[in-house]
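Student: One predicted model, sequence on top.
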Amino acid sequence: MSNPAPTPANPKTYRVKSFGCQMNVYDGDRMAELLAEQGITPAPEGEDADLVVLNTCHIREKAAEKVYSDIGRLRREDGSSPLIAVAGCVAQAEGEEIMARAPAVKMVVGPQAYHRLPDMVKAASEGRRMTDTDMPAETKFDALPKRRRSGPTAFLTVQEGCDKFCTYCVVPYTRGAEISRPHADLIEEAKRLVEAGAREITLLGQNVNAWTGENAKGQAVGLDGLIRELAEIPDLARIRYTTSHPNDMTPGLIEAHGDVAKLMPFLHLPVQSGSDRVLKAMNRAHQVEKYLTILEEVRKARPDIALSGDFIVGFPGETDAEFEETLKLVDTVGYAQCFSFKYSPRPGTPAATMGEQVPMPVMDERLKRLQTALNRDQYAFNTASVGKTCEVLVERRGKHPGQWLGKSPWLQSVHFTGDVAVGDVVTVELVEAGPNSIAGALKVPASA
Ligand code: SAM
Ligand code: SF4
């Protein structure tokens with residue numbers, strides 16, 4: 001890939017493209033805020049931007065390859081390119097390779113260093129290429145601007161990094177060790193988001209339920225303590241959190257599902273496999289029985305909870321019988337929705353060099369069977385919701401005239417018509433289930 005023409009000095013417009021998890025979406029928003037503070041404005045829809053940030057994901061192979069094709073696509077007809085920054089986990093893991101392979105890239109910035117983006121843009125405008133993949137001890141959050149914008153739903157990163165070292169996963173290497181952001185900072189950021197219009201906040205972390213902190217009284221609190229305090233913010237209507245690890249599912253957090261009304265009845269708790277042998281090889285440090293016990297306790301605290309999870313098929317050495325155990329677990333739980341992936345060997349992780357890598361056609365077949373079961377259960381969950389009346393947070397207009405889209409408490413997409421506005425929490429009867437959404441009928445506006 002060559003880039004003969006000069007890149008624009010002093011960019012006036014930017015575009016941030018985020019791939020992968022919700023934490024990347026959060027980081028992408030924060031980078032946009034940083035660039036806006038420099039007087040750079042979002043490029044209008046359909047127009048070229050002077051500066052493009054590709055905020056990448058390294059969790060699976062295709063995601064990394066996609067970055068290179070995106071860099072190629074940014075090339076204009078005259079051979080020039082915008083100023084390109086590659087951020088996120090691919091930048092962290094393969095920064096040097098990107099610089100060598102893609103001369104059009106002028107900046108490589110890791111997930112713990114993106115607060116330095118403005119300096120890097122300045123250097124790039126002067127023709128210098130820069131890489132910053134440091135994982136500084138001081139937190140980047142202190143260097144980021146205060147939150148001033150929000151839609152009706154907002155993400156709030158409370159915890160970053162991971163110490164669990166599942167044998168297939170790059171996160172501990174790309175995002176570093178587990179850190180929890182201070183309690184006071186989070187309360188302040190949440191209040192700002194609510195002032196800016198957020199009605200729902202989703203607390204984010206690679207292991208969000210590993211968050212710990214100290215409240216204003218100097219008491220040690222876990223995620224449940226933080227949730228209880230956030231629930232006191234008057235105009236905040238809903239709280240969610242993701243992604244949790246089974247081993248950090250504390251009794252306090254389970255209890256909060258029963259007694260914090262603003263905490264939505266939805267739990268994303270990845271299990272990855274239904275086989276104890278595979279879980280051990282994955283270094284998950286929990287077994288199927290323990291996982292099921294946690295779900296039972298959560299259901300006791302909040303009987304209508306919608307359950308979600310992540311699965312990997314074709315982990316090295318996974319046999320047909322072990323895969324059948326995963327299908328059995330799916331049947332036992334009855335998930336409301338799930339993510340499922342084919343195992344992807346990640347360089348530098350222990351599983352990548354394990355023997356007995358499962359052939360691709362076998363993984364394809366297993367994923368198809370798993371997804372058929374998960375889709376069946378998602379549709380069943382949606383169908384069972386028909387006839388319920390619930391609150392829906394209005395997020396945006398739908399495709400059809402007068403149509404609105406929002407989410408049920410169980411994170412289902414609901415569409416309906418009526419006289420409402422974005423950010424309203426309205427009462428809707430769920431009338432017809434589809435595989436991925438539900439048609440609703442507006443009852444009365446609940447609270448504006
Ligand atoms: N911390 C969360 C947990 O422990 O479940 C998940 C974070 S990870 C970013 C999201 C999901 O990606 C994982 O739950 C797993 O299912 C999937 N994943 C991670 N590494 C993978 C790999 N090498 N191949 C396929 N899927 C992978
Ligand atoms: Fe990756 Fe496991 Fe950490 Fe989740 S818990 S981020 S899957 S290492």
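Tutor: All right, it came through fine. Numbers count the residues shown, from 1 in each chain. Ligands and ions are numbered 1, 2, ... in the order given.

Student: switch to C-alpha atoms for all contacts and neighbour counts from now on
Tutor: Will do.

Student: How about the residues of the protein by ligand 1?
Tutor: By CA under 6 Å from any ligand atom, the part of the chain that sits against ligand 1 consists of 59-60, 168-169, 206-207, 243, 245, 270, 272, 310-312, 341-346.

Student: Could I get the CA-only coordinates of stretch 183-198 as CSV?
Tutor: Taking Å, rounded to 0.1, in the frame of the first residue of the first chain, the C-alpha atoms of stretch 183-198 are listed here in CSV:
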residue,chain,number,x,y,z
HIS,A,183,-16.2,5.9,42.6
ALA,A,184,-16.4,9.7,42.7
ASP,A,185,-15.3,10.1,39.1
LEU,A,186,-17.9,7.7,38.0
ILE,A,187,-20.7,9.3,39.9
GLU,A,188,-19.6,12.7,38.4
GLU,A,189,-19.5,11.3,34.9
ALA,A,190,-22.9,9.7,35.3
LYS,A,191,-24.4,12.9,36.5
ARG,A,192,-23.0,14.8,33.6
LEU,A,193,-24.3,12.2,31.1
VAL,A,194,-27.8,12.5,32.7
GLU,A,195,-27.6,16.3,32.5
ALA,A,196,-26.7,15.9,28.8
GLY,A,197,-29.8,13.8,28.2
ALA,A,198,-29.0,10.2,29.1
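
Student: for it, what is the average pLDDT?
Tutor: For stretch 183-198, the mean per-residue pLDDT is 96.

Student: Tell me the buried residues in that stretch?
Tutor: Burial within stretch 183-198, assessed by neighbour count using 16 or more other CA atoms under 10 Å, is assigned to 183, 186-187, 189-195, 197-198.

Student: Flag every residue of the stretch 51-200 of the chain that's near ligand 2.
Tutor: Near ligand 2, the residues belonging to the stretch 51-200 of the chain are 162, 164-166, 169, 171-172 when assessed by CA under 6 Å from any ligand atom.

Student: And the helices in the stretch 151-300 of the chain?
Tutor: In the stretch 151-300 of the chain, helices defined by DSSP state H, counting those that start in this stretch lie at 171-174, 183-195, 223-230, 251-259, 276-281, 288-301, listed in chain order.

Student: longest helix in the chain, by residue count?
Tutor: Longest helix of the chain, by residue count under DSSP state H: helix 360-385.

Student: Would you mind writing the CA trace of the helix or strand that that helix is followed by as CSV?
Tutor: Where DSSP states H and E defines the elements, the next helix or strand beyond helix 360-385 is strand 389-397. What follows is strand 389-397, C-alpha atoms only, in CSV (Å, rounded to 0.1, in the frame of the first residue of the first chain):
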residue,chain,number,x,y,z
THR,A,389,-47.1,-4.4,29.2
CYS,A,390,-43.8,-2.8,30.0
GLU,A,391,-41.8,0.4,29.9
VAL,A,392,-39.9,1.2,26.7
LEU,A,393,-37.2,3.9,26.5
VAL,A,394,-37.6,5.6,23.1
GLU,A,395,-34.2,5.7,21.4
ARG,A,396,-34.9,6.9,17.8
ARG,A,397,-37.3,7.1,14.9
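
Student: Who are the packing partners of the helix or strand following strand 389-397?
Tutor: Using DSSP H and E, the helix or strand that directly follows strand 389-397 along the chain is strand 403-407. For strand 403-407, the contact count by 3 or more CA pairs under 8 Å, 6 or more residues apart in numbering; DSSP states H and E identifies strand 389-397, strand 413-417 as packing neighbours.

Student: Direction included, what does the first one pair against?
Tutor: Strand 389-397 has the following strand partners under DSSP bridges: strand 403-407 (antiparallel), strand 425-433 (antiparallel).

Student: Could you pull out the strands in the stretch 1-150 of the chain for me?
Tutor: Using DSSP state E, counting those that start in this stretch, the strands of the stretch 1-150 of the chain run over 13-18, 41-42, 51-56, 83-87, 105-109, 130-132.

Student: The fifth one to strand 83-87, inter-axis angle?
Tutor: For strand 105-109 and strand 83-87, the angle between their directions (axes from the mean of the first three to the mean of the last three CA atoms, to 10 degrees) works out to 30 degrees.

Student: List the residues that contact residue 264.
Tutor: 238-240, 257, 409-410 (CA atoms under 8 Å, 6 or more residues apart in numbering).

Student: hmm, try it at 6 Å
Tutor: When contacts are counted by CA atoms under 6 Å, 6 or more residues apart in numbering, residue 264 touches 240, 409.

Student: any idea of the mean pLDDT in stretch 377-389?
Tutor: Looking at stretch 377-389 alone, the average pLDDT works out to 97.

Student: let me fix that: stretch 402-414
Tutor: Summarised as a single mean, pLDDT over stretch 402-414 is 97.

Student: Can you name the residues in contact with it?
Tutor: In contact with stretch 402-414 (CA under 6 Å, 6+ apart) are residues 264-266, 306, 392-398, 415-417, 437-439.

Student: likewise stretch 163-180?
Tutor: 89, 92, 159-162, 211, 282-284, 349-351.

Student: just the buried members of the residues you listed?
Tutor: Among the contacts of stretch 163-180, those buried by neighbour count (16+ other CA under 10 Å) are 89, 92, 159-162, 211, 282, 284, 349-351.
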